[in-house]
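In: Just to be clear, the model below is a prediction. Sequence and coordinates:
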Amino acid sequence: MYVHLVRARVRSDWQYRTSFVLFTLSVTLVTLLDFLAIAVIFSNIPRLAGWSLAEVAFLYGVAGVAFALGDTFVSQVEYVARHVKQGTFDRFLVRPVGPLLQICADEFAFRRAGKLVQSGAILVGAMVAVHGAWTPGRLLATAATVLTGSVIFSEIWVITSSIAFWTVDTQEVANSFTYGGNYMSQYPLDVFGPWLRRLAIGVVPIAFVAYLPSLWILDKNDSIGLPAWLSFAAPAVAALLLVPARLLWRTGIRRYRSTGS
Amino acid sequence: MTSPHTAIIELDDVTKSFVVYRRNGRVRRVRTEIEAVSHLTLSVADGELLGYIGPNGAGKSTTVKMLTGILVPTSGSLRVAGVDPQRRRVDLARRIGVVFGQRTQLWWDLPLRDSFDLLRHVYRVPAADHRGRLDAFVEMLDMGPFLDTPVRQLSLGQRMRGDLCAALLHDPRILYLDEPTIGLDVVSKARVREFLAGVNRDRGVTIILTSHDLTDVERLCSRLVVIDRGRVIADGTVESIKDTFGSHRTVVVDLEEAAPPLSVPLAEVVKVDGPRQWLRFGRADTTASEVIDAVVRQARIRDLTVEEPDIDDVVTRIYTAGD
């Protein structure tokens, strides 16, 4: 069912090919500029909070791929705001499939997958450039980190999008958590102030997307003095975050008011 | 309600209220609760074709949305096909079909045929069943010529036919139609009515239809429920409602020449236009022939007609009676 819905969406979008091509080009450009910003920093200083360019590129790649996966498969949930506003959310509720799956399939945008390629390239490049032995354990940990990271991003998307059931127009708030979170996860946590650090560990667990697992993968010392086991806590955090995500989404649907006629 | 059939839809004392905030001054907001549906008790028999009518904002759509599980009632109990719609929404979805007149369920950029095919996957209908039903509906609704046209290029009438078909492809037991003929021309309306009557008769689908258009309802529905401000104010056959609320008839006479309003016992002149006068009387009070007798004694008549109340008048009267 999911595959059929996604294919239908891709076919629909294919009718607007030019827009597809332009979007892919602009995403490529933005990703490159984004990464260029990091490179510029490193042209002035050799290390950032004790991290080399290759190591930061690794963070960037892990976070980027995780974000792109969530962006491709789950971020569409943010369209719930538009559907609630226009009353078109009704149609997801009268079909015998969960509305979350329907909306993610129905609003699937193949063009978002473009970021996957660019981030993936940076990740592979960084892995080659980083000194150190890529043991099977570390490779596996990298893959697992990317996956749990995408789950964490997805959960944040669901949580922030659920707010639409309470107040309409929350796109900006949602973006500051997801896009803002993506941006933050690309840098070593050490560069941020203590207040932001606590936020990224305890509230919006962005630190678990790339930074904390990378401490172990890249064999880095953490200058903040966090307990070492936090490097392996990402899957547990992702599982834990599922609770509020589910709860908010379900409560939101119960609260959904639809629109007149 | 006495019915030989079993009830497929039951509402017992159902209330749905919405909280609305109204601006009061610059910052303060006043919280008001509005009952869109108020203590509604209603039962619909399996196989019935029910017209659910009321003015804008009467609570029609709210009722339908509660019956589909989209909205949760504030209080009261609700059962559709034996289950609580909100709690078993996904299960129930297989057994109901919904058409919202103003919003299409179809995929905007794809050919109509593709939408039907996607719905087959969404509802997991076996290919053979799907094929059979689709062929039947395409013929009944004459959709052959535009089956491969993208939905966004269809006319309103064609799209409505597509939506009707889409709502029925999974063979639901109940079909909800919210303003299905809104914006359609006369021919398309008639076609939609004919199709719905057929679906109800031949497939035994229970149909609940909300409409502004009383011609739809009058020609189609065996039973009429009129609601206003969330309450049922009339429930019965079209005839019985006409009898109860439309107990007036009107004799229209064309006199030889203009005259002051005639004085006829038990009838009332409601309008004068040159030589033409409208005399309204209660069915229980007198008869048309007595009224005509009295007129003939006072003036020479060129022509006359007797007007039956039409359902529009009846409903207008019901609404205003509630004030």
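Out: In hand now; what should we look at? Residues are numbered from 1 along each chain as shown, chains lettered A, B, ... in the order given.
In: C-alpha from now on. contacts and neighbour counts both.
Out: Noted.
In: you'd agree A:R257 is up against B:P73?
Out: No. Using Cα atoms under 8 Å as the test, A:R257 is too far from B:P73 to be in contact (10.7 Å).
In: Quick check: neighbours shared by the two?
Out: Common neighbours of A:R257 and B:P73, counting by Cα atoms under 8 Å, 6 or more residues apart in numbering or on different chains, are absent.
In: ok, and for stretch B:232-239, which residues are buried?
Out: Neighbour counts over stretch B:232-239 (16 or more other Cα atoms under 10 Å in any protein chain shown) mark B:V232, B:A234, B:D235, B:G236, B:T237, B:V238 as buried.
In: Closest one of these to chain A?
Out: B:V232 (18.1 Å; Cα to the nearest Cα).
In: Spit out the contact partners of the residue in the stretch 151-300 of chain B that chain A sits nearest to.
Out: Per Cα to the nearest Cα, B:D178 is where the stretch 151-300 of chain B lies closest to chain A, at 7.7 Å. Under the criterion of Cα under 8 Å, 6+ apart, the neighbours of B:D178 are A:S261, B:S61, B:V64, B:V98, B:V99, B:F100, B:G101, B:L209, B:T210, B:S211.
In: Reformat those residues as CSV; add secondary structure and distance to B:V252.
Out: Output for these, formatted as CSV (DSSP: H, G, I helix; E, B strand; the rest coil; distance: Cα to Cα, whole Å):
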residue, secondary structure, distance to B:V252
A:S261, coil, 39
B:S61, helix, 39
B:V64, helix, 41
B:V98, strand, 44
B:V99, strand, 42
B:F100, strand, 41
B:G101, coil, 38
B:L209, strand, 34
B:T210, strand, 33
B:S211, strand, 30
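In: Out of these, who's the most crowded?
Out: Per-residue neighbour counts (other Cα atoms under 10 Å in any protein chain shown) across these peak at B:T210, which has 28 neighbours.
In: Please verify my assumption that that residue contacts B:E179.
Out: Yes. Judged on Cα under 8 Å, B:T210 makes contact with B:E179 at a distance of 5.5 Å.
In: any idea of the mean pLDDT for stretch A:167-178?
Out: Mean per-residue pLDDT for stretch A:167-178: 76.
In: List the contacts of that stretch.
Out: A:E78, A:A81, A:V84, A:K85, A:F153, A:I156, A:W157, A:T160, A:S161, A:I163, A:A164, A:V204.
In: Which pLDDT value belongs to the third one?
Out: Read that as A:V84. For A:V84, the model assigns a pLDDT of 86.
In: what about B:D91, how many neighbours?
Out: B:D91 - counted by other Cα under 10 Å - has 15 other residues nearby.
In: For it, list the residues it contacts.
Out: A:P96.
In: any idea how far A:F192 is from the residue lying closest to B:R94 once chain neighbours are set aside?
Out: Distances taken as Cα to Cα, 6 or more residues apart in numbering or on different chains place A:P96 nearest to B:R94, at 5.9 Å, with adjacent residues excluded. According to Cα to Cα, to the nearest Å, A:P96 stands 46 Å off from A:F192.
In: coming back round to it: can you flag which of the buried residues of stretch B:232-239 belong to helices?
Out: B:V238 (DSSP state H).
In: could the buried residues of stretch B:232-239 go into TSV alongside pLDDT and distance to chain A?
Out: Converted to TSV, these look like this (pLDDT from 0 to 100; distance: Cα to the nearest Cα, whole Å):
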residue	pLDDT	distance to chain A
B:V232	89	18
B:A234	86	21
B:D235	90	22
B:G236	89	24
B:T237	87	25
B:V238	82	24
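In: contacting residues around whichever residue of chain B sits closest to chain A?
Out: Evaluated by Cα to the nearest Cα, chain B has B:V90 as its residue closest to chain A, separated by 4.4 Å. Counting by Cα under 8 Å, 6+ apart, B:V90 touches A:L93, A:V94, A:R95, A:P96, A:V97, A:G98.
In: how far does whichever strand or helix holds it sit from the chain's center?
Out: Using DSSP states H and E, B:V90 maps to helix B:89-93. Helix B:89-93 has its average C-alpha position 24 Å from the chain's average C-alpha position, going by Cα atoms, centre = their mean, to the nearest Å.
In: circling back to that earlier point, the residue nearest to B:R94 and B:V122 touch, don't they?
Out: Yes. The pair A:P96 / B:V122 is scored as a contact, 7.1 Å apart, by Cα under 8 Å.
In: same for the helix or strand of chain B with the lowest mean pLDDT, what does it pack against?
Out: Using mean pLDDT, DSSP states H and E, helix B:311-321 stands out as the lowest-scoring helix or strand of chain B, at a mean of 70. Under the contact definition 3 or more Cα pairs under 8 Å, 6 or more residues apart in numbering or on different chains; DSSP states H and E, helix B:311-321 sits against helix B:214-220, helix B:238-245.
In: what distance separates it from the centre of its chain?
Out: On Cα atoms, centre = their mean, the centre of helix B:311-321 falls 14 Å from that of its chain.
In: what does stretch B:8-28 give?
Out: Taking mean C-alpha positions (Cα atoms, centre = their mean), stretch B:8-28 and its chain are 23 Å apart.
In: what's the answer for stretch B:37-55, then?
Out: That offset, for stretch B:37-55, works out to 10 Å (Cα atoms, centre = their mean).
In: C-terminal to whatever helix or strand B:A136 lives in, what's the next element?
Out: According to DSSP H and E, B:A136 maps onto helix B:127-140. Following helix B:127-140 in sequence order, the next helix or strand is helix B:156-168 (DSSP H and E).
In: could you give the mean pLDDT of the very next helix or strand once past that next one?
Out: Per DSSP H and E, the first helix or strand lying C-terminal to helix B:156-168 is strand B:174-178. The predicted model assigns strand B:174-178 a mean pLDDT of 93.
In: Strand B:174-178 pairs with which strands, and in what direction?
Out: Counting by DSSP bridges, the strands paired with strand B:174-178 are strand B:96-100 (parallel), strand B:206-211 (parallel).
In: Determine the angle, from 0 to 180 degrees, between it and helix B:156-168.
Out: For strand B:174-178 against helix B:156-168, the angle by axes from the mean of the first three to the mean of the last three Cα atoms, to 10 degrees is 150 degrees.
In: so what pLDDT did residue 79 get?
Out: Since you didn't name a chain, this refers to chain A. 89.
In: oops, chain B please
Out: 94.
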